[in-house]
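Peer 1: Sequence first, predicted coordinates after that:
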Amino acid sequence: MIKIELKELLGERTLYWLSVQTRVRWATLAAMVKGKTQRLELDVLDRICEALECQPGDLLVRESTKKRKRGKS
């Protein structure tokens with residue numbers, strides 16, 4: 001599962017500030033913070049990274065799901 005680390009990168013800045021900087025709806029950004037986002041447009045990702053001066057890898061983190069493979073003990 002991919003997690004969006006937006007809250008951690010915002011620091012003291014607000015979602016409203018990020019919304020103004022990126023021209024992305026506040027509700028969209030709030031859904032990202034709450035983990036409710038199912039997809040992310042690359043242009044939105046680019047605008048967020050530009051505003052926060054980060055790379056996509058700083059924002060997106062893969063969490064392991066610990067699935068067991070069939071046939072292996």
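Peer 2: Now that the structure is in, tell me what you want to look at. Numbering: from 1, shown residues only.
Peer 1: Okay, now the unreliable bits of this structure?
Peer 2: 67-73 (pLDDT under 70).
Peer 1: if we go to 90?
Peer 2: 1, 63-73 (pLDDT under 90).
Peer 1: after the lengthiest helix in it, next one along is what?
Peer 2: Longest helix in the chain by number of residues (criterion: DSSP state H): helix 42-52. Downstream of helix 42-52, the first helix or strand assigned by DSSP states H and E is helix 56-59.
Peer 1: Please save the CA atoms from that following helix in CSV.
Peer 2: Provided in CSV are the C-alpha atoms of helix 56-59 (Å, rounded to 0.1, in the frame of the first residue of the first chain):
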residue,chain,number,x,y,z
PRO,A,56,8.0,12.4,-5.1
GLY,A,57,9.9,9.8,-3.1
ASP,A,58,9.7,12.1,-0.1
LEU,A,59,5.9,12.3,-0.4
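Peer 1: rewinding a little: for the longest helix of the chain, packing partners?
Peer 2: Using 3 or more CB pairs under 8 Å, 6 or more residues apart in numbering; DSSP states H and E, the elements in contact with helix 42-52 are helix 6-10, helix 15-22, helix 56-59. Heads up, the C-betas are built off the backbone N, CA and C, glycines and all.
Peer 1: change it to 10 Å
Peer 2: helix 6-10, helix 15-22, helix 26-33, helix 56-59 (3 or more CB pairs under 10 Å, 6 or more residues apart in numbering; DSSP states H and E).
Peer 1: Give the full set of residues in contact with Q38.
Peer 2: Residues near Q38 by CB atoms under 10 Å, 6 or more residues apart in numbering: A31.
Peer 1: quick one, phi psi at it?
Peer 2: phi -100, psi -30 (degrees, to the nearest 10).
Peer 1: end to end, how far does stretch 29-46 reach?
Peer 2: 14 Å (CA to CA, to the nearest Å).
Peer 1: If anything else comes up later, I'll come back, but that's it for now.
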